[in-house]
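**Q** just the structure for this:
(2 chains)
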Amino acid sequence: MTTPSLPSVENLFGYVQKRCLWQFFSRSWDRKENIEGILGIAAKLLLGEPVTLTSPMDRLFHADAKILVADFREHFPAITTLGAEEVKALLQSVKDRLLDLAVTSSKNRELHQNLY
Amino acid sequence: MPMVLLTCDKDIPEREKHIYLKAPDEDTRSFLPLANAPTIPGTLSERGCSFCGAKLVIGGVLKDTIQMIHGPVGCAYDTWHTKRYPSDNGHFQLKYVWSTDMKEPDVVFGGEKRLEASMHEAFEEMPNIKRMILYTTCPTALIGDDVKAVAKRVMAARPDVDIFTVECPGFAGVSQSKGHHVLNIGWVNEKVGTVEPTITSEYTINFIGDYNIQGDTDLLQQYWQALGIQVIAHFTGNANYDDLRGMHRAKLSVVNCARSAGYIANELKRQYGIPRLDIDSWGFNYMAEGIRKVCAFFGIEQKGEDLIASEYAKWKPKLDWYKERLKGTRMAIWTGGPRLWHWTKAVEDDLGAEVVAMSSKFGHEEDFEKVIARGRDGTYYVDDGNELEFFEIIEAIKPEVIFTGPRVGEIVKKLHIPYINGHGYHNGPYMGFEGFINLARDMYNAVRNPLFKLARTDIRATTTSEIKEAV
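**A** Numbering: from 1, shown residues only, chains lettered A, B, ... in the order given. Model prediction:
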């Protein structure tokens, strides 16, 4: 029996790219809010930390994060063997890459329009 | 591989910015097709007009509403009966079409009197119908008819009616996408919040961007019902006009078609604090994921799991049967925009198909970010594709089946490539678990259809009347 290899930033980033519509909302502020909100809660869920849900947006991010974490655990089972700092660093790197692709370096000309 | 200039586009080199062939390790930071841009003169676009985007796609779906089209009769006829969105009240919206039938004297002297008379006539002829959407078209916008003033006069004369005006003539934008935008923003600003819905469940959603194509809404409604979720408004499949006026009371906006209706979901979030959850309603894996997310939002996860298990038990064996037979099928998707990214992974994961070319009529750059993230390497991603480009790409990638509309579909049939109606479906619904079996069945029947092989045989005898090639 082989030990599953540890998930890389590339693995998780690639998975989010293919599966998650929330990274590509209409405007830069929506994308940023989603990426930070969902991955923030996902890190807590992965570490088994308590999550406080006070607003409807918290509940939305929690719903997305819950499915994402379940997928990560299914497709990259070794993620459960990582320590707290490793999980945080990994998700921070995924978050940075997503923000770069979907917000900072995006060529989408509508991303920064003020109105929907 | 960067952007591609096809041979057929040598005289319109601007098209290079609209066509991308994805290579390994590339992403949309480097290459993103230009989209939602004016069609380049010299290209034979497949796009529709902005009025069409408002009327045919969104407004015309409503089942209890007169669609008064202020313009020449063709604007009404050409946006009638070209999409199949049934309703549970006898398909009122499919049976009738309304037009002010503008003629030259009305254009010269103004069409407001004619419009007002037509509106009264429509309400008189259909005394049970009390709701109307009024659309301007190119000529009535150009002559400056004040349709809002006319609507106010008619509402003053008939206190029991409500009228919504959409001022989005065909030339308002580069494609039908502008019509989606104008209707969405107008509706949320003028009509949402004007009716208080009756709340029957603690779990309430708006289901946005689903138009009941061949029964999609009806099928998904079974799921929401099983979960105990009240849909305040379907935007706009099988919906009543007043349902959509109560959208502000939903706790969650669930969005399927983000292109045609993302605007209203964004505004419901901004103006009323209703969170927006985007899901994919086509495909087993995606549909299950969407149900799980909605249920997680409301804390009713077990209900969701029970529903998914029951649907999988019913439909998964059929899916597996089709997957075994469709594995490796080379497929092209040439539709409006969102179905590219909704479908590419769904058909790959659930049916084993390989999507080798995708073209969008009215998608924005956001849609290309989504589809390039999800799509395969070696696949063409085309904005506002034209006929000659389709021929050249077909030659290059040899698709076995093409999901597209009837216009392009009839062309590819002549090349003996089967097409499936990617807009109105062949034998839908296609959404949900059961729907994806319908899609798989249509795809299987298309790919295995022996008539295409027979059709390739030229049975004409030699003729003395030759048709010469164009030069």
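**Q** what residues does chain A put near chain B?
**A** Listed as neighbours of chain B in chain A under the rule Cβ under 8 Å from any Cβ of the partner chain: A:17-19, A:21-22, A:24-27, A:30, A:56-57, A:59-60, A:62-64, A:66-67, A:100-102, A:105-110, A:116. Where C-beta positions appear, they are placed from N, C-alpha and C, glycine not excepted.
**Q** out of those, which are buried?
**A** Neighbour-count burial (16 or more other Cβ atoms under 10 Å in any protein chain shown) is assigned, among the residues of chain A next to chain B, to A:17, A:19, A:21-22, A:24-27, A:30, A:57, A:59-60, A:62-64, A:66-67, A:101-102, A:106, A:108, A:116.
**Q** now the helices: where do they sit in chain A?
**A** A:9-19, A:28-47, A:56-75, A:84-99 (DSSP state H).
**Q** generate a markdown table for those helices, with mean pLDDT as supplementary columns.
**A** Output for these, formatted as a markdown table (pLDDT from 0 to 100):
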| stretch | mean pLDDT |
| --- | --- |
| helix A:9-19 | 97 |
| helix A:28-47 | 98 |
| helix A:56-75 | 98 |
| helix A:84-99 | 98 |
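**Q** Throw those helices into a markdown table and include distance to residue B:396, thanks.
**A** Shown next, in a markdown table, are those (distance: least, Cβ to Cβ, whole Å):
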| stretch | distance to residue B:396 |
| --- | --- |
| helix A:9-19 | 25 |
| helix A:28-47 | 34 |
| helix A:56-75 | 33 |
| helix A:84-99 | 32 |
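**Q** out of the ones you listed, which comes closest to residue B:365?
**A** helix A:28-47 (12.8 Å; Cβ to Cβ).
**Q** in that closest one, which residues are buried?
**A** A:28, A:30-32, A:34-35, A:37-39, A:41-46.
**Q** one more: stretch A:73-83?
**A** For stretch A:73-83, by 16+ other Cβ under 10 Å, it's A:76, A:79, A:82.
**Q** residues from chain B in reach of chain A?
**A** So chain B meets chain A at B:27-29, B:32, B:36, B:185, B:251-252, B:258, B:262-263, B:266-267, B:270, B:273-280, B:289, B:292-294, B:296-297, B:345, B:364-366, B:369-370, B:373-374 (Cβ under 8 Å from any Cβ).
**Q** state the distance from the spatially closest residue to residue A:99 that is not a sequence neighbour to chain B.
**A** In space, residue A:99 comes closest to residue A:35 once its chain neighbours are excluded; the distance is 5.8 Å by Cβ to Cβ, 6 or more residues apart in numbering or on different chains. From residue A:35 across to chain B, the span is 13 Å (Cβ to the nearest Cβ, to the nearest Å).
**Q** include distance to residue A:8 when you put the buried residues of stretch A:73-83 into TSV, please.
**A** Converted to TSV, the buried residues of stretch A:73-83 look like this (distance: Cβ to Cβ, whole Å):
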residue	distance to residue A:8
A:76	9
A:79	11
A:82	12
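**Q** nearest to residue B:232, of the helices of chain A?
**A** Among these, helix A:56-75 sits nearest to residue B:232 (Cβ to Cβ), with 14.8 Å.
**Q** what helices or strands is that closest one leaning on?
**A** helix A:9-19, helix A:28-47, strand B:276-278, helix B:284-298 (3 or more Cβ pairs under 8 Å, 6 or more residues apart in numbering or on different chains; DSSP states H and E).
**Q** helices of the stretch 1-150 of chain B, residue ranges please.
**A** For the stretch 1-150 of chain B, helices defined by DSSP state H, counting those that start in this stretch occupy the ranges B:50-52, B:73-77, B:92-95, B:104-109, B:112-125, B:138-142, B:147-157.
**Q** buried deepest among these, which one?
**A** helix B:50-52 (a mean of 26; mean count of other Cβ atoms under 10 Å in any protein chain shown).
**Q** hang on, the earlier thing: turn the helices of the stretch 1-150 of chain B into TSV, including distance to residue B:435.
**A** Formatted as TSV, the helices of the stretch 1-150 of chain B follow (distance: least, Cβ to Cβ, whole Å):
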stretch	distance to residue B:435
helix B:50-52	25
helix B:73-77	30
helix B:92-95	20
helix B:104-109	44
helix B:112-125	35
helix B:138-142	36
helix B:147-157	38
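**Q** buried subset of the residues of chain B next to chain A as a PyMOL selection?
**A** Filtering the residues of chain B next to chain A down to the buried ones (16+ other Cβ under 10 Å) takes a single PyMOL command:
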select buried, chain B and resi 28+32+36+185+251+252+258+262+263+266+267+274+275+276+277+278+279+280+289+292+293+294+296+297+345+364+365+366+369+370+373+374
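**Q** ok, the most centrally placed residue in chain A to residue B:279 distance?
**A** Nearest to the geometric centre of chain A sits residue A:39, at 3.6 Å (Cα atoms, centre = their mean). Distance, residue A:39 to residue B:279, by Cβ to Cβ, to the nearest Å: 19 Å.
**Q** repeat that for residue A:9.
**A** 26 Å.
**Q** do the same with residue B:62
**A** In terms of Cβ to Cβ, residue B:62 sits 23 Å off from residue B:279.
**Q** report the contact partners of the residue nearest to residue A:95 when sequence neighbours are not counted.
**A** Among residues not flanking residue A:95 along the chain, residue A:39 sits closest, at 4.7 Å (Cβ to Cβ, 6+ apart). Contacts for residue A:39 were tallied using Cβ atoms under 8 Å, 6 or more residues apart in numbering or on different chains; they are A:65, A:91, A:94-95, A:98.
**Q** give me the low-pLDDT residue ranges for chain B?
**A** Filtered on pLDDT under 70, chain B yields the residue ranges B:1.
**Q** what ranges do the strands span in it?
**A** Listed in chain order, the strands of chain B (DSSP state E) span B:19-21, B:65-70, B:98-99, B:131-136, B:162-166, B:204-210, B:230-236, B:252-255, B:276-278, B:330-335, B:354-360, B:380-383, B:401-404, B:419-421.
**Q** which residues sit in contact with residue 79?
**A** Just so you know, I chose chain A. So residue A:79 contacts A:6-7, A:46, A:72-73, A:87, A:90 (Cβ under 8 Å, 6+ apart).
**Q** chain B, not that one
**A** Applying Cβ under 8 Å, 6+ apart, the residues near residue B:79 are B:51-52, B:55-56, B:60, B:69.
**Q** measure the nearest residue to it once chain neighbours are set aside to chain A for me?
**A** Of all residues beyond its chain neighbours, the one nearest residue B:79 is residue B:56 (4.2 Å), with distances taken as Cβ to Cβ, 6+ apart. Computed as Cβ to the nearest Cβ, the residue B:56 to chain A distance reads 22 Å.
**Q** what number of residues lie near residue B:56?
**A** By other Cβ atoms under 10 Å in any protein chain shown, 23 other residues sit near residue B:56.
**Q** report the contact partners of it.
**A** Contacts of residue B:56 by Cβ under 8 Å, 6+ apart are B:48, B:79, B:82-83, B:176.
**Q** what about it, distance to residue B:336?
**A** Going from residue B:56 to residue B:336 by Cβ to Cβ gives 11 Å.
**Q** need the residues touching each of those two.
**A** With Cβ under 8 Å, 6+ apart, residue B:56 and residue B:336 have common neighbours residue B:176.
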